[in-house]
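A.B. asks: Whatever this is, show me its structure:
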Amino acid sequence: MTVPQGLPRMSRMKRTGEFLRHLWLLVLLCGIAAPALPQTPSGYTVEILVFRHSGDAGAMEASEARPAITGDDVQPTVVATSRLAGSVARLNRNGLRVLGQAAWRQSPAATNSRRGVSAARLGLSGISGKIVFERGQFLLLGVDLVIEDGGKRFHIQEMRRQVKAGEVQYFDHPAVGVLAVVTGE
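C.D. replies: Prediction:
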């Protein structure tokens, strides 16, 4: 007995139909599961706290020119401070004076752009310069600030690589300090 010519063709059509049905089911399941996958944050909240130690160690000379700070062109969305609020009381108890505190939302700048948010845009009086927040393979956070207090000027400049979200960073100087934390949503 010979097989009619239409049967192999019918079998191919049946397999193609099953394949398309399975493909459609896979696409549908992926669409349902997509919201459950972790999402990349659309922006981060950066919070800083600038404080002063006693003493004038590390002060800039009166004749020393103010450092030129460029690239402070990131537009922040200022938000209420939260993560470092408890640090203010602890710093005051230990004889340190808080000079400024701010929090804002932003998307990280490109690696090595050295673009940042200016202290003026954050409303930090007596403080000029910028806070740099970049993303490459890792998150990077840096400060380039000139702090004026008690007739003295202090320059703190430091960049941290591999910053972990939610981990408090401490930028050190003999007379001033900066606490910072980055959180993603």
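
A.B. asks: who touches Ala119 in this structure?
C.D. replies: By CB atoms under 8 Å, 6 or more residues apart in numbering, the residues touching Ala119 are Gly100, Ile127, Ser128, Gly129, Lys130, Ile131, Leu145. For glycine as for every other residue, the C-beta is placed from the backbone atoms N, C-alpha and C.

A.B. asks: Kindly report the same for Val143.
C.D. replies: Val143 sits in contact with Ile48, Gly129, Lys130, Ile131, Val132, Ile156, Gln157, Glu158, Phe171, Val178, Ala180, where contact means CB under 8 Å, 6+ apart.

A.B. asks: In contact with the first one, which residues?
C.D. replies: Ile48 is in contact with Leu84, Gly100, Gln101, Ala102, Ala103, Leu122, Ile131, Val143, Val178, Leu179, Ala180, counting by CB under 8 Å, 6+ apart.

A.B. asks: Distance check, it against Gln162.
C.D. replies: 18 Å (CB to CB, to the nearest Å).

A.B. asks: returning to what we had before: give me the subset of the contacts of Ile48 lying in helices.
C.D. replies: Residues of the contacts of Ile48 located in helices (DSSP state H): none.

A.B. asks: Tell me the one of those residues nearest Arg115?
C.D. replies: Ile131 (10.5 Å; CB to CB).

A.B. asks: could you pull out the strands for this structure?
C.D. replies: 44-52, 77-78, 97-106, 109-110, 116-118, 127-135, 139-149, 152-163, 169-172, 176-184 (DSSP state E).

A.B. asks: Would you single out the least confident of those strands?
C.D. replies: For those, mean pLDDT drops lowest on strand 109-110, to a mean of 88.

A.B. asks: which strands and helices sit next to it?
C.D. replies: When contacts are defined as 3 or more CB pairs under 8 Å, 6 or more residues apart in numbering; DSSP states H and E, strand 109-110 sits against strand 127-135.

A.B. asks: got a list of contacts for the strand it packs on?
C.D. replies: 44, 46, 48, 50, 66-67, 69, 71-72, 74, 99-100, 106, 108-120, 122, 139-148, 159, 180, 182.
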